[in-house]
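K.L.:
What shape does this take:
(one chain, ligands or ions: 2)
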Amino acid sequence: MTTRIIRHIGELITNDPNMGDGTKVGRITDAALVVDDARVLWSGPDRNAPAADEMIDVGGAAVIPGFVDPHTHVIFAGERSDEFEARMAGVAYDGGGIARTVAATRAANIGDLREQSSARVDDLRTGGVTTVEIKSGYELTVAGELRLLALARELGDEVTFLGAHVVPEEFRHDRDGYVALVAGPMLEACASRATWADVFCDQGAFSVDEARHILSSARQLGLGLRLHANQLADIGAIALAVEMDCASVDHCTHVRDHDVERLASSLTVVTLLPGAEFSTRSPYPSARRFLDAGACVALATDCNPGTSYVTSMAFVVALAVREMGMSVDEALWASTRGGATALRRDDIGHLSVGARADFAVLDAPRAAHLAYRPGSSLVASTYRARR
Ligand code: NIG
Ligand code: FE
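P.N.:
Ligands and ions are numbered 1, 2, ... in the order given. Purely as a prediction, here's the structure:
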């Protein structure tokens, strides 16, 4: 297999605390990185660089592990900018618009859906994302969710079944019937196409008891669990996520101290989605509060047409630093290794020897520029290992 050396790296973020400056992000200045087309073979000071078959000189640029985006809804048709405009004029988000995207997605043919969705995945990749999780959830029928999951497998790296996004229109007078469909035939049909199951457990979506029932069925079918919790209100969803040992509990916009403590003594990662607070004009949760308590925090785009039409992890990092109290290093870690932890993966999100050769070369000498220069496209190239 061909080996390749990346030389003259101004700052290499390895996320290996045994490397470089000994911090959590394992920073090496004036570094080199050796990879083959699958794995990291070596990293260290450029002056000690070994020989390789090919050489890329990045001329002092920073290199980071590829972003891991553990929460997206990129497969949908249409857009809802009118709702965004209304929110900016004072209207609150209540999840009601999801039905509009369900109608548009159901009506889209597979070619159009693939074209629109893959353009969003391309944007994410251009911006340095090497692993993307994609949820279903905009068809809410057995055949429709199957179609979305097939597309998610084609376009993404981790696939999540979200049949429990909202109760669709046709079940408006029979929500128990919909919960039974999701927990029974829909999950049975969909389980082999997904690794994960998620539920939107919130005011106006699914209750804690409904979510527990659906997640329990999913677990029996061998799926890992994740949860949308406390985006709109605190209905006790975080406690459920911890009770069910969800890999990740996402949003956590409205949080109380007892939940922070619960999370800190669990293996459940808190995935924060500042694009959603930005686009719904909601108060940002404090990442500091979770970090200081000892919880593991990840960052994700939540790319969706309703609450966060965001395809830039760099923008998410900038928001987390500016609005959520994270240091730059904490946000870098949370957007790479934190996302990997939220997906229970240890082969990605870092550049230790043996990790997947997934990394991004920046158009900047230091990774801090991602937060320092928001709005510029600072990812020069994204390298994804052979899958
Ligand atoms: O994560 N909260 C639920 N799902 C999405 C929003 C979906 C939509 O509004 O279309 C979210 O924010
Ligand atoms: Fe979401």
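
K.L.:
how about stretch 193-208 against ligand 1, any contact?
P.N.:
Yes. For stretch 193-208 and ligand 1, the contact criterion (C-beta under 6 Å from any ligand atom) is met by Phe200. All C-beta spots, glycine's among them, are computed from the backbone N, C-alpha and C.

K.L.:
How far away from the center of its chain is that stretch?
P.N.:
Stretch 193-208 sits 16 Å away from the centroid of its parent chain (C-alpha atoms, centre = their mean, to the nearest Å).

K.L.:
what does stretch 157-173 give?
P.N.:
19 Å.

K.L.:
With stretch 333-345 instead?
P.N.:
With C-alpha atoms, centre = their mean, you get 9 Å for stretch 333-345.

K.L.:
And that stretch, what's buried?
P.N.:
333-343, 345 (16 or more other C-beta atoms under 10 Å).

K.L.:
tell me which element the residue in the stretch 101-250 of the chain that ligand 1 sits nearest to is part of?
P.N.:
Per C-beta to the nearest ligand atom, Phe200 is where the stretch 101-250 of the chain lies closest to ligand 1, at 4.5 Å. Under the criterion of DSSP states H and E, Phe200 resides in strand 196-201.

K.L.:
Show me what that strand is packed up against.
P.N.:
Secondary-structure packing of strand 196-201 (3 or more C-beta pairs under 8 Å, 6 or more residues apart in numbering; DSSP states H and E): strand 158-164, helix 208-220, strand 224-229.

K.L.:
want to try a markdown table for these, with distance to Val142, mean pLDDT and mean neighbour count as columns?
P.N.:
Listed next are these as a markdown table, based on distance: least, C-beta to C-beta, whole Å; pLDDT from 0 to 100; neighbours: other C-beta atoms under 10 Å:
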| stretch | distance to Val142 | mean pLDDT | mean neighbour count |
| --- | --- | --- | --- |
| strand 158-164 | 8 | 99 | 27 |
| helix 208-220 | 14 | 99 | 19 |
| strand 224-229 | 21 | 98 | 28 |
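
K.L.:
now those as JSON lines including distance to Asp94?
P.N.:
Converted to JSON lines, the helices and strands packed on strand 196-201 look like this (distance: least, C-beta to C-beta, whole Å):
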{"stretch": "strand 158-164", "distance to Asp94": "17"}
{"stretch": "helix 208-220", "distance to Asp94": "18"}
{"stretch": "strand 224-229", "distance to Asp94": "14"}
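
K.L.:
related to what we said a few turns ago, list the contacts for the residue of the stretch 101-250 of the chain closest to ligand 1?
P.N.:
Contact partners of Phe200, counting by C-beta atoms under 8 Å, 6 or more residues apart in numbering, are 95, 137, 162, 164-166, 206, 228.

K.L.:
again, but for Gly60
P.N.:
Contacts for Gly60 (C-beta under 8 Å, 6+ apart) come out as 8-10, 365.

K.L.:
same deal with Ser377?
P.N.:
Contact analysis of Ser377 by C-beta under 8 Å, 6+ apart lists 126-127, 314, 363.

K.L.:
Just the buried ones out of those, please.
P.N.:
127, 314.

K.L.:
Which ones among the contacts of Ser377 lie within helices?
P.N.:
In helices, judged by DSSP state H, the following of those are found: 126, 314.

K.L.:
okay, the contacts of Ser377 in CSV with distance to ligand 1 and pLDDT next?
P.N.:
Formatted as CSV, the contacts of Ser377 follow (distance: C-beta to the nearest ligand atom, whole Å; pLDDT from 0 to 100):
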residue, distance to ligand 1, pLDDT
Thr126, 23, 98
Gly127, 19, 98
Ala314, 20, 98
Asp363, 30, 98
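
K.L.:
What is the burial count for Ala368?
P.N.:
Using other C-beta atoms under 10 Å, Ala368 has 18 neighbouring residues.

K.L.:
Check Asp174 too.
P.N.:
So Asp174, with other C-beta under 10 Å, has 12 neighbours.

K.L.:
So that it lines up with my notes, have the first residue be 16 from now on.
P.N.:
I'll keep to 16 as the first residue from here, and by that count the last item is Asp189.

K.L.:
Quick one, grab the pLDDT at it.
P.N.:
Looking at Asp189, its pLDDT stands at 98.

K.L.:
Flag every residue of the stretch 66-215 of the chain that's near ligand 1.
P.N.:
Where the stretch 66-215 of the chain comes near ligand 1, counting by C-beta under 6 Å from any ligand atom, the residues are 88, 110, 112-113, 116, 215.
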